[in-house]
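K.L.:
Here is my input; please provide its structure:
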Amino acid sequence: MARIFIVLYFLQPSFFQNELPGDYFQIDDKAFFPLPITSKTISLVEPDTLLLDAAIFHATNRVRREHGLQPFKHDVCLYKAAKNHAASMVLKRYYSHNNPFSPFEKTVDRRVDLCTKRFKRIGENIGRYQTLISGDYLLVKWDENDAQYNFIDPDKYSGAEPFTYAGYANHVASQWMSSYNHRQNILSGLYVEIGCAARLCREPYKVRRAPYASLVQNFGNEH
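P.N.:
Numbering: from 1, shown residues only. Reported below is the predicted structural model:
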């Protein structure tokens, strides 16, 4: 079955770098977050997408552990589906559980089924949250020398800095937990496996809007 995202992989090779799961997913959240690299500030132009995805995975499991629940297992197929949908939302500039550009990937069920059909139960959380630390609002100023927008936190009278990888993952988890439906999925006993992905907006300092990431969590259970 042909997939539209096959074309995107060839057209945007740099956008999909660092995609293969690695050792980050083989440890638990208690071992992951003390790693010095998780305290590194996210580069909004060239993010370490694998590290960011892993941070969101572990932040989700830390929430579950704090609520006395078993952590989710990382699943490669759920991860691929989450990555593709997050990338699609960024590249095509939409925000929805449904992909309006590809009938083969319209719903989360179809996106997961393209990789595996072993899941009998599938769920999804999505999110779009800014990647700069700030208060309630930001000031925007065009810098003619650098030909880009600067985002200023008026509470600190200084430029708004991006989150660290750990900071953003925990921020995102907190945002999801403050929403009833998202919280239900994260704390559900109906799901045992998960794939998490975040893809940052393109040209973050070239548009008059705070940089953001599109995020996806795909949940699954074989029973």
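K.L.:
so what's the spatially most central residue of the chain up against?
P.N.:
Nearest residue to the geometric centre of the chain (Cα atoms, centre = their mean): A198, 2.0 Å. A198 is in contact with 49, 52-53, 56, 86, 168, 172, 213-216, counting by Cβ atoms under 8 Å, 6 or more residues apart in numbering. In short, each C-beta sits where N, CA and C put it, glycine included.
K.L.:
which among those residues end up buried?
P.N.:
Buried subset of those (neighbour count, 16 or more other Cβ atoms under 10 Å): 49, 52-53, 56, 86, 168, 172, 213-216.
K.L.:
Compile these into TSV and extend it with columns for distance to F104 and secondary structure.
P.N.:
Shown next, in TSV, are the buried ones among the contacts of A198 (distance: Cβ to Cβ, whole Å; DSSP: H, G, I helix; E, B strand; the rest coil):
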residue	distance to F104	secondary structure
T49	23	helix
L52	26	helix
D53	23	helix
I56	25	helix
A86	17	helix
Y168	31	helix
V172	28	helix
A213	24	strand
S214	19	strand
L215	22	strand
V216	17	strand
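K.L.:
quick one: contacts of the strand or helix carrying I122?
P.N.:
Assigned by DSSP states H and E, I122 belongs to strand 121-130. Strand 121-130 has contacts (Cβ under 8 Å, 6+ apart) with 85, 89, 95-97, 108-109, 112, 171-172, 175-176, 182, 185-186, 188, 190-191, 210-221, 223.
K.L.:
go again using 6 Å as the cut-off
P.N.:
95, 97, 108-109, 112, 172, 175-176, 182, 185, 190, 210, 212, 214-221 (Cβ atoms under 6 Å, 6 or more residues apart in numbering).
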